[in-house]
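[1] sequence first, then the predicted structure:
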Amino acid sequence: MWKEKLILTLEKAKKSFFCISNLSAEEKNNFLDTLEHNLLSSEDKIIKANKKDIENAKNKNYNSAFIDRLLLTPERIKKISISVKNVKLLPDPVGEKIWENNRPNGLKIEKIRTPIGVIGIIYESRPDVTVEASILCLKSGNCVILKGGKEAVNSNKILVSIIKESLQQHRISPDVVNLITSGGRSAVKFLLSQNQYIDLIIPRGGESLIETVTRYSKIPVIKHYKGVCHTYIDKDAKLEMALEVTFNAKVQRPGTCNATETLLVHREIADKFLPKMYELFKRANVVMKGCEETRKILPDIEEAKEKDWGTEYLDLIISIKVVNNLDEAIYHINKYGTKHSDAIITENKKSAEKFLKEVDSACVYHNASTRFTDGGEFGLGAEIGISTDKIHARGPMGLAELTTYRYLIYGSGQIRK
């Protein structure tokens, strides 16, 4: 039964693509303005629905980091509404001229941004993704199929209903946004086979979700892979800055993919830096796992195993390794990292330049927390995800990354000889 219902939903989305792809920037922005207002005025309803999801998660003994990703508060709803406003203020990418060329034969060729089509977003426990994914897809002229995790079903339902209501207030087809709630994992695999309706799949979630989507999809996939992010403390770092940045990168919100999971420390400053970092982490209840050299300085922390260097904890846990030099730090990051976000803390410009050049990640930082890898923080208004792929889109994905392009060719009767 759910398959027939799902196919009907996909057919409606495909048909409604013409509607959303041809709206003017003003029409889309008017809808976003209404959505911003409706989200704020529906705060009580949103929180009531979210509480059901939170209670269910607690009853199933999900950890605190998971519940934090699931939680919606008045402050977070306000933040979501600000994302809507920020996206509204961004230039509409649809129709933007990327390139043009006037050929010797008189042909004028223009390369123009155009919507991708119907985009499927498969994600887990973060209901804020429901709104951010929808507004970015719609502003860039795309339809969106949302398959959120069952843990956030009540939150997602109320948020999508508010989006649909806002669309209808502007006589825009509500079928441009759709939430799939039935079918479970079988529905995910079924969606991944529907390449006649869906043009792109973007998975957001844990490693197993990404691997499942990549394995089964008949549709092009842009992966939002796990974030094994690193912070490297160079021998020329300012220790106070290093302590503050590292603490923020791990503790400020550990359940996110841009939180630092591994701390690398230059041997020359390890004796000075690590005991101070240990005290800060200990007060914040961070579990520390260290290499042999680290444990000589911090003997009461856990021993780091080989698998820990490639683990995304998404929790108050961090791996720590003492390295001999900058080259060893870069080698470690490129070997164990996931090409997401990595940082160097140093006052040595040459070392910073080498790190920025040679670390093969989407976002590489000098003297700043990895927690800034975010569409909103980058000025993109919001993000559809953080791509760890290396083609088309890389890092935080905003409006431009949700478009493709086509060529428009203007002639006056030219024929090819």
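    Okay, I see it.
[2] surely Thr114 is within a helix?
    No: counting by DSSP: H, G, I helix; E, B strand; the rest coil, one finds Thr114 to be strand, located in no helix.
[3] chain neighbours aside, what residue packs nearest to it?
    Arg406 (5.1 Å; C-beta to C-beta, 6 or more residues apart in numbering). For the C-beta atoms, the positions are set from N, CA and C on the backbone; glycine is no exception.
[4] show me where the stretch 201-350 of the chain has helices.
    Per DSSP state H, counting those that start in this stretch, the stretch 201-350 of the chain carries helices over the ranges 207-216, 239-251, 267-283, 292-297, 326-336, 349-358.
[5] which one of the ones you listed is the most hemmed in?
    Among the helices of the stretch 201-350 of the chain, the stretch with the highest mean neighbour count (mean count of other C-beta atoms under 10 Å) is helix 239-251, at a mean of 20.
[6] where does the prediction get shaky in the stretch 51-200 of the chain?
    For the stretch 51-200 of the chain, no stretch has pLDDT under 70.
[7] does anything pack onto the longest helix that the chain contains? Which helices or strands?
    When the chain is parsed with DSSP state H, its longest helix is helix 2-21. Judged by 3 or more C-beta pairs under 8 Å, 6 or more residues apart in numbering; DSSP states H and E, helix 2-21 is in contact with strand 108-115, strand 118-123, strand 143-147, strand 177-179, helix 184-191.
[8] stretch 260-273: end-to-end distance?
    This stretch, stretch 260-273, spans 17 Å end to end (C-alpha to C-alpha, to the nearest Å).
[9] which residues touch the helix or strand hosting the residue nearest to Thr114?
    Under the criterion of DSSP states H and E, Arg406 resides in strand 403-410. Contacts to strand 403-410, defined as C-beta atoms under 8 Å, 6 or more residues apart in numbering, come from residues 93-94, 98, 107-116, 140-141.
[10] emit the ChimeraX select command for whichever of these are buried.
    ChimeraX command restricting these to the buried ones, with burial defined by 16 or more other C-beta atoms under 10 Å:
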select :93,94,112,113,114,115,116,140,141
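[11] what sits closest to Lys58 if chain neighbours are left out?
    Ile67 (6.8 Å).
[12] contacts only, for the one you found.
    54, 57-58.
[13] ok, so of the residues you listed, who is nearest Met1?
    Nearest to Met1 among these, counting by C-beta to C-beta, is Ala57 at 27.7 Å.
[14] which of the residues in the helix or strand hosting that closest one are classified as buried?
    Using DSSP H and E, Ala57 sits within helix 43-59. By 16+ other C-beta under 10 Å, the buried positions in helix 43-59 come out as 46-47, 49-50, 53-54, 56-57.
[15] perfect, I'm done here.
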